[in-house]
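Asks: Structure for this input, please:
(one chain, ligands or ions: 2)
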Amino acid sequence: MAVKITELCINCDSCIDECPATAIVSASDSPVNGDNTYVKPEKCIECSDGTMPKCADACPTEGAIVWDMPYTAEYNAYYVAGHESGIYNIREHKKNGIMFPAVSPKPYREAISIANRQAHTPVAE
Ligand code: SF4
Ligand code: SF4
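Replies: Ligands and ions are numbered 1, 2, ... in the order given. Next up, the predicted model:
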């Protein structure tokens, strides 16, 4: 990712249309078994060209959107494990296979520490 949506999300869906990468889907369209709006980590670019992630800017619920690991080859195993355990459901490309970070890395914010990402710190903080 990226960013991740937690169980604190109230499914208001305010974030969906704000995402420049069309990375967010409503709970009913989520590819994982869950009750919440979902961020596709293989699409999220962390709004790295702006001042803050647009989803978090639109979100009324503290703690609903948190940092996740960079979607880069270095964290490929993290996303493979998350995909296998059902936390994520990474899209499969017909030619290139599952779009894991080693296949299709995404931009991320270097200013966000790995410790904060591991702790899933709220994006607003
Ligand atoms: S951080 Fe930006 S690109 Fe990522 S889900 Fe939020 S709005 Fe979309
Ligand atoms: S704006 Fe926040 S509370 Fe609303 S759906 Fe998105 S993450 Fe959930």
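Asks: Was I right to think E7 contacts N36?
Replies: Yes: the pair E7 and N36 passes the contact test of C-beta atoms under 8 Å, sitting 6.3 Å apart. Any C-beta I mention is one placed from the backbone N, CA and C, and that applies to glycine too.
Asks: okay, those two: which has more neighbours?
Replies: With neighbours defined as other C-beta atoms under 10 Å, E7 and N36 compare such that N36 has more, 18 against 9.
Asks: Please work out how many residues are found near the nearest residue in space to that one that is not next to it in sequence.
Replies: Closest residue to N36 apart from its sequence neighbours, by C-beta to C-beta, 6 or more residues apart in numbering: C9 at 4.4 Å. C9: 20 surrounding residues under other C-beta under 10 Å.
Asks: Assign C9 to helix, strand or coil.
Replies: coil (DSSP: H, G, I helix; E, B strand; the rest coil).
Asks: Give me the pLDDT value at it.
Replies: Here the pLDDT value assigned to C9 is 97.
Asks: go on, E125?
Replies: E125 carries a pLDDT value of 49.
Asks: and what of D35?
Replies: D35 is given a pLDDT of 88.
Asks: Quick one: the helices in this protein, in order.
Replies: Under the criterion DSSP state H, the chain contains helices at 54-58, 76-85, 114-118.
Asks: Reformat the ones you listed as TSV; add mean pLDDT.
Replies: As requested, the helices of the chain are exported to TSV (pLDDT from 0 to 100):
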stretch	mean pLDDT
helix 54-58	96
helix 76-85	98
helix 114-118	97
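Asks: mind checking which of these is nearest N96?
Replies: Evaluated over those, closeness to N96 peaks at helix 76-85, with 14.0 Å, by C-beta to C-beta.
Asks: got a list of contacts for the closest one?
Replies: 41, 69, 71, 88-90, 98, 100-102 (C-beta atoms under 8 Å, 6 or more residues apart in numbering).
Asks: ok, so of those, who is nearest ligand 2?
Replies: Set against ligand 2, the nearest of the contacts of helix 76-85 by C-beta to the nearest ligand atom is P41 (14.6 Å).
Asks: I'd say the closest one and Y88 touch.
Replies: Yes: assessed by C-beta under 8 Å, P41 is found in contact with Y88 at 5.7 Å.
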